[in-house]
Structures are given as structure tokens and as C-alpha cells.
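K.L.:
The following block contains a protein sequence and its predicted model.
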Amino acid sequence: MAAASRAIAERIPLDDFVLEVRDSRISLSSECSQLGDLLSSPRRVIALNKTDLAKQSDMKASIYPNDCWWTLSEKKPHCQFTNLTPADLIMEYWGFICMLMMAVFGGLMGLKSLLKSLNRWHFEAKLGDRRFSLPPGDLGWPFIGSMWAFLRAFKSSNPDSFISSFVNRFGPVGLYKTMMFGSPSIIVTTPEACKRVLTDDEAFMPGWPSSTLTLMGRKSFIGISAQEHKRLRKLTAAPVNGHEALSIYLKYIEDNVIEALEKWAGMGQIEFLTQLRKLTFRIITHIFLGSESEQVMEALEREYTVLNHGVRAMSINVPGFAYYNALKARKRLVAIFQSVVTERRARRKENSTAEKRDMMDALMDAVDDKGRKLDDEEIIDVLVMYLNAGHESSGHVSMWATLFLQKNPEVLQKAKAEQEAIVKNRPPGQVGLTLKEIRQMDYLSKVIDETLRVVTFSFVVFREAQKDINISGFTIPKGWKALVWFRNVHFDPELYPEPKKFDPDRWDGLTAKAGSFLPFGAGARTCPGNDLAKLEISIFLHYFLLDYELERQNPSCPLIYLPHQRPIDNCLGRVRRVSPSSVRKKD
């Protein structure tokens, strides 16, 4: 055995012969029993120079059924068993591990390239030579396109990183191809291109995702043709815009604002945004439905909250997802509105001479040039859209204007001084605001416009090309969506220096370039309730500036951006009265 040991030692630069196991090392010394007696479980053992070992030593090779064991058949020297450490294993197999990792990485990169090419092959190949004039961009992954990147950006602290990724990769060309909400799309980010898309009704029609149309209603403003839109707008816009309509609603809005502020000041800690949304919802509900019960209004407002969370979500109709919940909310809203419409029609039938008192009556009486009236579905879809837009935007913008004013003391002081001057110069005997006074609020109007720019409540609208359209040398193919990205326009540093700075003074003498200021859209489809929204915001800020301040619980609270930009705590805080009331009491 000594001769064998010397022979082994001469062939292997180790004191003892080493057998390599998957996770162990076996050292042979002068006194050893059979290896099979030492290792009870069948695992593969690889012996270095095992052929030479069998020839030169007193050991006899014995092959087990799975070609795994070497045993000793003559003398029985002692055996020592030592476990390998993880570091030993890595060093032993480092080369193999590196090769495996490179193979896996290469395979994944190849698969990624293949998958990301599928959308390009599917959507661009059918365009023929027109594909060469498409703007640069990235159609993303099959089925989901760029939706993950969009959602990831808008659920982070930097939603603008989504568009920035296109600009960084493809340059500041203003138009970028992508796939969003299930459709090949061109993102439009320059004022000139935005204006063209929004105002050219022959080239572009509404292109909202099918999921959004399902939630808002296919007979609402966002889902109908230009001709139908013109008809519906003519029937519905007058009661919510214009001098006469605003004069009718002014006192009701004023009364509710005064009452709400007094109530909030006595409530202690509140969610400021939630209370504002309830206030603006009460106002828009009164305008459209008359005096509905508090219970009905609260039920409607809760359903709208759920509905709005599904508008910008992926259309996954599975329990637990935002879109699924939004569909359920839509059904409940339709049921509530249908009962209101049915009850109103029955009441009008019983008393046809009753005084027409709200927007619901106006919708039922409206007749177009061809003698057609709105059916129940059209009325309900109008109600769903108007009540949603009429309270969400006003509530959010009022909150942000309040926060911006309090963060900028100089701006706050100028805005407050203007409101105090309006009250001071009021004729003797006048009680409350007038439209004339509201039109004198020049600085407050700049505060509101700057808030609308910085917040950009609706950051994108959807159109669809009705034919191949050339804009800035690029083609928007027929059937592709055009996504007008308001947020990028409002944050363009060439249009608005230091674009993320809240600065109402930037509007001094500034005439916004066409397509550069789009808080309510543009063209024939401009938001029909924009005058009413500004009236609500102006009245609220007037009374808040005179007598109140907001003490926030979490001033540095993180923001969320979907469905709309807001503090994650809904602006938790206390409304405090800071001076004796200088406003009229409710009559």
C-alpha cells in the first residue's frame, strides 16, 4: 500500500489522493475503509486519474450501477471526509457557471429582441413604403406595448420620465411612435402638432380607447362623430356656459362655498381634497339634477371615485383590478341615473306645465334642427360625463391653487390684496359677488391659469387619423391613434422658462402661442364646462383668501399621478379661520 500511495503522490500534487464529489471532498490516507461504507447515498464521484489509480495501486475499481463509486478491495487505510464550502464550489465550477450565465443572457436578449420586433412586423409591415416616414419610437412589447413603462413612470415621483425616455433615445423630434391602450399610436408633443390634431376634424376623429368609451358611455361627447358632437354640444352647452347661465349659478355656488368653509373650520382634521370634491359635486349635481338628497349625492360621488381609477388603467376585466371595479361602478351609476330619468319623465307627464328647473329638464326638452330629442341613453351618458368632469377638475384645481398660494407667500399676498380691494370697492348695499367683480380678478385669473398649466389635470387626449396625415415631415397612418400630450407642452422650457416653477407673473402681457396652453383642449371639442369650472374655482379662492388658511398634516406628502395628480393623503389638514368674517352671511 505504501508503494501505491507513493505512486499516487507522484502523479497528483497533493498529500493524499482526492476524489471530487458534487458537494464534498474525500481525502485518502494510510488507514481507510471502503468509500461505499462511508457514503451511504448514491451520488456521482469523479476520481482523478482513476484508470492509472486502478493500475498502480493496491486498490481495485468497482463500478456501481450508476457509474458512481470507487471502492478499496485490499488494505483498509483510514478515510477522512470533508464538506466543500460554497466558495470552493464556485471556484471549482466558475468557468462552467460563466458559460451558463452567458448562454442564458444571450438567449434572453435574443428573446427580448424577437418579442419587441413582433409589434413592428405586425403594425408596420402592412404600411408598405409609408413605414419609412413614421416618426422614431418604440412600439414596445406584444399586446401591452409601452403600457408598463407608462404606468411605471406615472406611479413614480417623476411621471415625465415616460416622455423623456423617448426624447433621450430618439431626439427632440416632437412626434414618437408607440403602442398604448392596445393601439399603435403617435405621441404628439409640440404646440403646432397639438393644434393641428385638435382642430382638424376632417383629418382626426375621437380616438379614445374602447375601455374608456365603455366607462364614459359611447353616446357621450368623447365617443360620437363630429356631426353628432356638434348637435349634442348645441343642445347642452348653453345651460352651463355664457353670461346668463353663470349668473343663475353664481349665488348657489357662493352659498355652498361659504357654508362649506365654515363647516370645515369646525371639523378639525379633514381630507381637504375629499371635501372639495364633495362640494363641487354638490354644485354640479344641483345644476343638472336639481335638489337631490344628500344620500344620493354621496352614493354618486363614491361611484365616480371608483370609475375614475379605471379610466387610465389597463383594461383587465378581472376581479381586483381597477378596470373591473370601474365597470361595476359604471353599471351602478347608470342604474341611479336611469331611475332619476324615469322618475322625472313620469313627473313631467303628470304636470306638463311645471316650471323647468334644471339641466335635466333642458335635456329632455332639447330638440335639434331635425326635430329629434335625446333618448334616455344619450341623456344618461351626458350626465355621466358632465357630472364627472364638472366636479373632478374643479375640486382638484381648487386644492392645488390653494397649496401653491400658501407655498408662495408673495403670490398669496398679492392675490389676497386683490380680493380685499374688490370687497372694499363694492357699492353700498351690495351683498355677495357679481360676475363683474369676478371679471375684475386679473391676478387671481393668472393664479388659476398657472395652476392649470403646472398641474395639467388632463395630461393627454386621444384622436384617430381618418386618413394618412403628414405633420412635421412624419406620417400618422390612417387608423393609428394620435395622443396629444398636454403635459409635455405645458412643461416646455422654450415656452415657459423654469416650467415647474409656480409663477403667475409669467402671464403678464403673455399671449399664449396657439397650441401651447391646453387645459381644456382646443377646437370644436373644447371642454364645454370650462367657464363654469373657472367660476367655481374663482368663488372658492375668493372666500378662502379673505378668511381662511390650510394647515397641512403632511406638507411633504408624496404625490400620485393616476388618475389625477394629488397628495397621497388627499391633502390631510385643518382649515382655520384667520380673521373675522368679511363675507356676507347666507340669506
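P.N.:
Okay, I see it. Residues are numbered from 1 along each chain as shown.
K.L.:
only C-alpha atoms for contact and neighbour calcs from this point on.
P.N.:
Noted.
K.L.:
which element follows the longest helix seen in the chain toward the C-terminus?
P.N.:
As assigned by DSSP state H, the longest helix anywhere in the chain is helix 376-407. Next helix or strand after helix 376-407 toward the C-terminus (DSSP states H and E): helix 409-424.
K.L.:
sorry, back to before: starting at the chain centroid, how far to the longest helix of the chain?
P.N.:
Centroid separation for helix 376-407 versus its chain: 17 Å, with Cα atoms, centre = their mean, to the nearest Å.
K.L.:
Rounded mean pLDDT for it, please.
P.N.:
Helix 376-407 comes out with an average pLDDT of 93.
K.L.:
CA atoms only for the host helix or strand of Ile253, dumped as CSV, please.
P.N.:
Per DSSP H and E, Ile253 falls inside helix 243-265. Coordinates of the C-alpha atoms in helix 243-265 are reproduced here as CSV (Å, rounded to 0.1, in the frame of the first residue of the first chain):
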residue,chain,number,x,y,z
HIS,A,243,-73.3,85.1,-19.0
GLU,A,244,-77.0,84.2,-18.3
ALA,A,245,-76.2,80.6,-17.2
LEU,A,246,-73.3,81.7,-14.9
SER,A,247,-75.4,84.4,-13.4
ILE,A,248,-78.0,81.9,-12.4
TYR,A,249,-75.5,79.6,-10.7
LEU,A,250,-73.3,82.2,-9.1
LYS,A,251,-75.4,82.7,-5.9
TYR,A,252,-75.9,78.9,-5.4
ILE,A,253,-72.1,78.3,-5.7
GLU,A,254,-71.4,81.2,-3.4
ASP,A,255,-73.8,80.0,-0.7
ASN,A,256,-72.3,76.5,-0.8
VAL,A,257,-68.7,77.7,-0.7
ILE,A,258,-69.4,79.9,2.4
GLU,A,259,-71.3,77.1,4.2
ALA,A,260,-68.6,74.5,3.4
LEU,A,261,-65.7,76.7,4.6
GLU,A,262,-67.5,77.5,7.9
LYS,A,263,-68.2,73.8,8.4
TRP,A,264,-64.7,72.6,7.6
ALA,A,265,-63.2,75.1,10.1
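K.L.:
Could you list every helix and strand that that helix packs against?
P.N.:
helix 272-289, helix 435-439, helix 530-547, strand 572-577 (3 or more Cα pairs under 8 Å, 6 or more residues apart in numbering; DSSP states H and E).
K.L.:
Take those and lay them out in JSON lines including mean pLDDT.
P.N.:
Formatted as JSON lines, the helices and strands packed on helix 243-265 follow (pLDDT from 0 to 100):
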{"stretch": "helix 272-289", "mean pLDDT": "92"}
{"stretch": "helix 435-439", "mean pLDDT": "96"}
{"stretch": "helix 530-547", "mean pLDDT": "96"}
{"stretch": "strand 572-577", "mean pLDDT": "97"}
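K.L.:
Turn the ones you listed into CSV, columns for distance to Arg196 and mean neighbour count.
P.N.:
Putting the helices and strands packed on helix 243-265 into CSV (distance: least, Cα to Cα, whole Å; neighbours: other Cα atoms under 10 Å) gives the following:
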stretch, distance to Arg196, mean neighbour count
helix 272-289, 32, 22
helix 435-439, 31, 13
helix 530-547, 21, 21
strand 572-577, 41, 20
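K.L.:
thinking again about what came up before, who touches the helix holding Ile253?
P.N.:
Under the criterion Cα atoms under 8 Å, 6 or more residues apart in numbering, residues 238-240, 270, 279, 283, 287, 432-435, 532, 535-536, 539-540, 543-544, 574-577, 585-586 lie in contact with helix 243-265.
K.L.:
Pull the distance from stretch 365-375 to the chain's centre.
P.N.:
With Cα atoms, centre = their mean, you get 38 Å for stretch 365-375.
K.L.:
I meant stretch 328-340, not that one.
P.N.:
25 Å.
K.L.:
before we move on, the earlier item: now tabulate the helices and strands packed on helix 243-265 in JSON lines and tack on distance to Gly128.
P.N.:
Putting the helices and strands packed on helix 243-265 into JSON lines (distance: least, Cα to Cα, whole Å) gives the following:
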{"stretch": "helix 272-289", "distance to Gly128": "50"}
{"stretch": "helix 435-439", "distance to Gly128": "55"}
{"stretch": "helix 530-547", "distance to Gly128": "43"}
{"stretch": "strand 572-577", "distance to Gly128": "56"}
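K.L.:
nearest to Thr511, of the ones you listed?
P.N.:
helix 435-439 (17.9 Å; Cα to Cα).
K.L.:
Quick one: work out the angle between the following helix or strand past that closest one and helix 376-407.
P.N.:
Downstream of helix 435-439, the next assigned helix or strand under DSSP H and E is helix 442-455. Computed with axes from the mean of the first three to the mean of the last three Cα atoms, to 10 degrees, the direction of helix 442-455 lies at 110 degrees from that of helix 376-407.
K.L.:
if we can go back for a sec, of all the helices and strands packed on helix 243-265, which lies closest to Ile560?
P.N.:
Across these, closest to Ile560 is helix 272-289 (Cα to Cα), at 13.3 Å.
K.L.:
gap between Arg277 and Gln553?
P.N.:
Counting by Cα to Cα, to the nearest Å, the gap from Arg277 to Gln553 is 19 Å.
K.L.:
my bad, should have said Leu559
P.N.:
14 Å.
K.L.:
Please report the distance of His198 from Met205.
P.N.:
His isn't right for residue 198; it's Leu. 9 Å.
K.L.:
Please enumerate the shared neighbours of those two.
P.N.:
Arg463.
K.L.:
From Glu549, how far out is the closest residue to Gln269 other than its chain neighbours?
P.N.:
Of all residues not flanking Gln269 in the chain, Arg574 sits nearest, at 4.8 Å (Cα to Cα, 6 or more residues apart in numbering). For Arg574, the distance to Glu549 equals 8 Å [Cα to Cα].
K.L.:
what do you get for Gly223?
P.N.:
For Gly223 relative to Glu549 (Cα to Cα), the value is 41 Å.
K.L.:
Likewise for Leu139?
P.N.:
Counting by Cα to Cα - Leu139 and Glu549 are separated by 48 Å.
K.L.:
In which helix or strand does Glu301 reside?
P.N.:
Counting by DSSP H and E, Glu301 is found in helix 294-311.
K.L.:
Show which residues not belonging to that helix make contact with it.
P.N.:
211-212, 215, 278, 281-282, 285, 322-327, 329-330, 332-333, 388, 562-563.
K.L.:
Same check on stretch 125-135?
P.N.:
By Cα under 8 Å, 6+ apart, stretch 125-135 touches 124, 175-177, 186, 473-477.
K.L.:
filter those to the buried ones?
P.N.:
124, 175-177, 186, 474-477 (16 or more other Cα atoms under 10 Å).
K.L.:
By pLDDT, give me the weakest of these.
P.N.:
Minimum pLDDT across the buried ones among the contacts of stretch 125-135 falls on Glu124, with 87.
K.L.:
Spit out the contact partners of that residue.
P.N.:
For Glu124, counting by Cα under 8 Å, 6+ apart, the contacting residues are Arg131.
K.L.:
picking up where we left off before, what separation do you get for the residue nearest to Gln269 and Met267?
P.N.:
8 Å.
K.L.:
Roughly how far does Tyr304 sit from Pro319?
P.N.:
From Tyr304 over to Pro319 (counting by Cα to Cα), the distance is 18 Å.
K.L.:
no no, Val455
P.N.:
32 Å.
K.L.:
Which one of those two is surrounded by more residues?
P.N.:
Neighbours were counted for Val455 and for Pro319 using other Cα atoms under 10 Å; Val455 has more, 23 against 9.
K.L.:
Contact partners for that one?
P.N.:
Per Cα under 8 Å, 6+ apart, neighbours of Val455: 397, 400, 565.
K.L.:
The second one: what's it in contact with?
P.N.:
The reference is to Trp400. 451, 455.
K.L.:
The last one now?
P.N.:
Contacts for Gln565 (Cα under 8 Å, 6+ apart) come out as 455, 457, 559.
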